[in-house]
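> After the sequence you'll find the predicted model.
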Amino acid sequence: MASDLNLTIATVPYDRVEALRFGTVRPAGIALDYKTVIPAHDIFYAMVEREAYDVSEMSLAYSLMRLAAGDAPFVAVPVFPSRVFRHGNIFVNRKAGIAKPRDLEGRRVGIQEFRQTALIWVRGMLRDDHGVNTDSIRWVEGGVNEPRRNSSTDMKPKRAYHMEALAGKSLSDALAAGELDAVIAGITPESLQTSDDVVRLFPDFRAMEHDYFRRTGIFPIMHTLVIRKKLYEANPWIAASLFRAFEASKAAAAKRMRYTGALVYMTPWLQSDVEEMDAVFRGDAWPYGLEANLGPLDTFLRYLVEEGFLQRKPRLDDLFVPITG
């Protein structure tokens, strides 16, 4: 009997991968050496710069751009371990007089990276839902709570934007000082807690996210799963094996979360949150596979074209490997 294929894998330590991490779910024919890393972009850098893992989590935007260009050193599997609503990730200095989304036009807005998946989702939402001319915004790239480091996953759009770099300080500090009018970021600036001048643009962001999902059916995808291309070409069966294992691990996490005898996660109102999630999503809030995610993925590809990252929308079947059997 042939031995299992030994693979290294890296993701954030999500609840939905715990069964895979600890071996209670095992992909057929594969022995996983599972690494967990926070923050996720450290995984991205390691995979892009030196192919540090056989399988890893990867930025959705970076993955789709490289795959569409045909020069990616990896293939993508339609497993989406990270999804986040982002209405609560727009922060403003209250002295800037920004009361509604269109007030962002013409302003200096700090961001982590123009290509960042979260930012592409937010800009698209601002255009679609609020009529914001995002081309008019003066974008300032920097680190959120510390000065920005260079990114090996940075990719620029193929058309001009007003963009500059923030040197020597964090976006959080610049926002509190009034040097930036707003910050849109994947993580929360520390100044939200330390400065009375820093507030969210949408204080009722949870209700807005409910409405957004009701109207669009989109729970924004942030990351996907990738496999080193040469490894996949030599062993194409591993994509389906990993897909099924991630599905089984997610199901195990959902079952554990619904245990009502005790709180398995440090969320005081966990059971209420689970009931709310079931009422809003009416099924699996974290679907894997292409068919269940056609709407979100098609919308995201449209945003990539609108912003000049892609010239045209590619076929999704050309971006993700097939899962058969």
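Arrived safely.
> Okay, buried residues for stretch 158-174 please.
By 16 or more other CB atoms under 10 Å, the buried positions in stretch 158-174 come out as 166, 170-174. Just so you know, the C-beta spots here come from the backbone N, C-alpha and C atoms, and that holds for glycine as well.
> first vs last residue of it, how far apart are they?
Using CA to CA, to the nearest Å, one end of stretch 158-174 lies 28 Å from the other.
> what's the closest non-adjacent residue to Gln116?
Using CB to CB, 6 or more residues apart in numbering and skipping residues adjacent in sequence, the residue nearest Gln116 is Gly186, 6.3 Å away.
> list the contacts for the one you found?
Taking CB atoms under 8 Å, 6 or more residues apart in numbering as the criterion, Gly186 is in contact with 84, 86, 89, 112, 116-119, 144, 222.
> Output those residues in JSON lines; the columns should cover secondary structure.
As requested, the contacts of Gly186 are arranged in JSON lines below (DSSP: H, G, I helix; E, B strand; the rest coil):
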{"residue": "Val84", "secondary structure": "coil"}
{"residue": "Arg86", "secondary structure": "coil"}
{"residue": "Asn89", "secondary structure": "helix"}
{"residue": "Gln112", "secondary structure": "coil"}
{"residue": "Gln116", "secondary structure": "coil"}
{"residue": "Thr117", "secondary structure": "helix"}
{"residue": "Ala118", "secondary structure": "helix"}
{"residue": "Leu119", "secondary structure": "helix"}
{"residue": "Val144", "secondary structure": "coil"}
{"residue": "Met222", "secondary structure": "strand"}
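> before we move on, back to that, pretty sure the residue nearest to Gln116 sits in a strand.
No - looking at Gly186 with three-state DSSP, it is coil, so not inside a strand.
> For the contacts of Gly186, which entry has the maximal number of neighbours?
Comparing these by number of neighbours (other CB atoms under 10 Å), Thr117 comes first, having 26 neighbours.
> Verify the contact between that one and His223 for me.
Yes - counting by CB atoms under 8 Å, His223 is a contact partner of Thr117 at 7.4 Å.
> Now for the two: what residues contact both?
By CB under 8 Å, 6+ apart, the residues touching both Thr117 and His223 are 59-60.
> Identify the farthest-apart pair in the buried residues of stretch 158-174.
Leu166 and Ser172 (10.6 Å; CB to CB).
> So Glu57 belongs to a strand, correct?
Yes - according to three-state DSSP, the state of Glu57 is that of a strand.
> Setting aside sequence neighbours, what's the nearest residue to it?
Nearest one to Glu57, counting by CB to CB, 6+ apart, is Thr11 at 4.3 Å.
> So what sits opposite that neighbour in the bridge?
Beta-bridge partners of Thr11, counted by DSSP bridges, are Thr36.
> What lies in contact with stretch 59-76?
40-41, 44, 47-48, 51, 58, 80, 115-117, 120, 153, 155, 221-229, 232, 239, 300-301, 304, 309-310, 314, 318-321.
> all strands of the stretch 151-300 of the chain, in order?
163-165, 182-184, 198-200, 221-228 (DSSP state E, counting those that start in this stretch).
> returning to what we had before: show me how to select, in PyMOL, the buried members of the contacts of stretch 59-76.
Of the contacts of stretch 59-76, the buried ones can be selected in PyMOL as follows, counting by 16+ other CB under 10 Å:
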select buried, resi 40+41+44+47+48+58+80+115+116+117+120+153+155+221+222+223+224+225+226+227+228+232+239+300+301+304+309+310+314+319+320+321
